[in-house]
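> missing the sequence, but the structure's below:
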């Protein structure tokens, strides 16, 4: 089963726990240190996802449970767009 062409889903399961959340909620979860980024490969294409978890160990466990073959890359530091003058 492939990735949805416009949404972070494989079949009826998402690989982005923050999908559909408001920016304010995403920022708050990020501020609390509860959002982890992941990478997965499907049909030769690489995708990025987000996992909501209490710590890195929990994020890795959740990634394994989802069964997409995700790799947890680390904790997300900020949500939103970067200012135009940022590196």
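Sure, I can see it. Quantities reported herein were computed from a predicted structural model and do not represent experimental measurements. Residues are numbered from 1 along each chain as shown.

> tell me the strands in this protein, going along the chain?
9-10, 13-14, 35-42, 45-52, 71-75 (DSSP state E).

> Point out the most buried one among those.
strand 35-42 (a mean of 18; mean count of other Cβ atoms under 10 Å). For every residue, glycine as well, the C-beta is placed using N, CA and C.

> quick one: it to strand 45-52, angle?
150 degrees (axes from the mean of the first three to the mean of the last three Cα atoms, to 10 degrees).

> who wins for proximity to residue 62 among the strands of the chain?
Of all the strands of the chain, it is strand 45-52 that lies closest to residue 62, at 5.2 Å by Cβ to Cβ.

> quick one: which of the strands of the chain is nearest residue 24?
Here strand 35-42 is closest among these (Cβ to Cβ), at 13.5 Å.

> Return the list of helices and strands in contact with that closest one.
strand 45-52, helix 56-66, strand 71-75 (3 or more Cβ pairs under 8 Å, 6 or more residues apart in numbering; DSSP states H and E).

> For this protein, which residue occupies the most central location?
Geometric centre of the chain, nearest residue: residue 50, 1.1 Å, by Cα atoms, centre = their mean.

> Tell me the confidence at that one?
Looking at residue 50, its pLDDT stands at 96.

> Tell me which residues touch it, please.
By Cβ atoms under 8 Å, 6 or more residues apart in numbering, the contact set of residue 50 is 16-18, 35-38, 76.

> hang on, isn't residue 49 packed against residue 15?
Yes: Residue 49 is within contact range of residue 15, at 3.8 Å (criterion: Cβ atoms under 8 Å).

> Give me the common contacts of those two.
8, 38, 40, 68, 70.

> Is the residue nearest to the fourth one when sequence neighbours are not counted bridged to anything, and to what?
It refers to residue 68. Counting by Cβ to Cβ, 6 or more residues apart in numbering, residue 40 is the residue found nearest to residue 68 once chain neighbours are left out, at 4.9 Å. In this structure, residue 40 bridges to residue 47 when assessed by DSSP bridges.
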